[in-house]
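Chemist: Sequence and predicted structure, then a few things I'm wondering about:
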Amino acid sequence: MVSGNPEVMRKALYDALSLPAFILLFTMMGFGSLAHGAGFGADMAALATVFIWGLPGQLAMVELSATGQGLVAIVFACSLANARFLPMVVSFVPAMSSGRTNLCAMLLDAQLLSINSWAMCLRQFPEIEPRFRRRYYLTFASSILLAAVAGTLMGYHGAVLLPASMLLGLIFISPLFFALVLAAVPGRAERLSMLIGCATIPIAHVLLPSIDLLITGIIGGSLGFAAGKFRPKRHAD
Amino acid sequence: MLTESLWWIVLGCGAATLVWRVLGVVVVKRIDTRGEFFQWITCVSYAMVAGLVLRMILLPESELANVSLPFRVAALGIAFCAYYLCRRRLVAGVLAGGSSLTAMVHWFA
């Protein structure tokens, strides 16, 4: 069990630099170069990374801008692409703030949340003493945010001088990382929700691509939750 | 597009994402985190994230769409094998998966 401020911060930095910071650096390089292509300024691209802080929404923003859509359509698409933050904040923020009711602190936690820190904290929290978890999270999340801004600016200014095959491998690292972390998630209801979600997303994506994740979340989450309630009776427990 | 309207797009998209985060905090303040609603919404977030990850691998909108599906699935399988063979080290799985995708694109595409 890790405890004490210096140890927790060292662990957070080590965990960030051992992989997630590089994942953010490379994925945000892709975003930076797309933002450049769509006509955004470097300052706008960097601000978008900090303020939106969710790649699917950022990609929706630059891709729709590049095709000349209107402001309302772009903002709406970005909002839908990032709707997952509502359930993510609800399920994640209480893990750190047991008994804490400071609204500003919770809003900061919510703004810094991304899939990377969500996944990493779920994995590491069991090893960290509860009252130090928030410090771990804040250190981890702010260091990967810095890496993301650096990556955005590097991609924007065309720092990508790698062969295409290598770039593809680097982009692929991001979903691989999440897949490996999620495969280790315990809990029957959570695992069933993820399985049903995986079965739902291809169908939802074909039928209703703009709200495919919302449909997947509600169907997968509800069925997984219900199945988790009706667990088979164990004998001799 | 005009510089000014691009700024509005960035700010609008930031605000639109912030709305979900603030709503999340509002919900957290109002619910019992040991109750059923909390368990349900946790399941919803897991299903959404798992769906997003699978979509990134099977139905990517990035440059990965140019890599054929069997390559992506094979690299995912290699990542899982390396992960479990190396005593659940994330770095091992991710490096094996990423470099095998690079190798497949380099030699077979």
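Modeler: Yes, it's here.

Chemist: Tell me the buried residues in stretch A:37-48?
Modeler: A:38, A:40, A:44-48 (16 or more other CB atoms under 10 Å in any protein chain shown). Just so you know, the C-beta spots here come from the backbone N, C-alpha and C atoms, and that holds for glycine as well.

Chemist: quick one: it near chain B?
Modeler: Yes. Counting by CB under 8 Å from any CB of the partner chain, chain B is contacted by stretch A:37-48 at A:39-41, A:44, A:47-48.

Chemist: show me what contacts residue A:223?
Modeler: By CB atoms under 8 Å, 6 or more residues apart in numbering or on different chains, the contact list for residue A:223 reads A:192-193, A:196.

Chemist: So it lies in a helix, does it not?
Modeler: Yes. Assessed with DSSP: H, G, I helix; E, B strand; the rest coil, residue A:223 lies in a helix.

Chemist: before we move on, back to that, which two in the residues of stretch A:37-48 next to chain B are spaced the farthest apart?
Modeler: A:39 and A:47 (15.0 Å; CB to CB).

Chemist: Any regions of the chain where pLDDT drops low?
Modeler: I'll assume chain A. A:97-101, A:159-161, A:231-237 (pLDDT under 70).

Chemist: meant chain B, my bad for not saying
Modeler: Looking along chain B with the criterion set at pLDDT under 70, you get B:1.

Chemist: can you give me the strands in it?
Modeler: Assigned by DSSP state E, chain B shows no strands.

Chemist: So which residue is dead centre in it?
Modeler: Closest to where the C-alpha atoms of chain B average out (CA atoms, centre = their mean) is residue B:53, at 4.0 Å.

Chemist: Name the nearest residue to that one, ignoring sequence neighbours.
Modeler: Spatially, and ignoring its direct neighbours in sequence, residue B:53 is nearest to residue A:178 (4.4 Å; CB to CB, 6 or more residues apart in numbering or on different chains).

Chemist: before we move on, the earlier item: now intersect the contacts of residue A:223 with the helices, please.
Modeler: The members of the contacts of residue A:223 that map onto helices under DSSP state H are A:192-193, A:196.

Chemist: any idea which of those residues is closest to residue A:8?
Modeler: Ranked by distance to residue A:8 (CB to CB), these are led by residue A:193 at 29.9 Å.

Chemist: So what's the residue count around the closest residue to that closest one other than its chain neighbours?
Modeler: Of all residues not flanking residue A:193 in the chain, residue A:224 sits nearest, at 2.8 Å (CB to CB, 6+ apart). Counted with other CB atoms under 10 Å in any protein chain shown, the neighbours of residue A:224 add up to 29.
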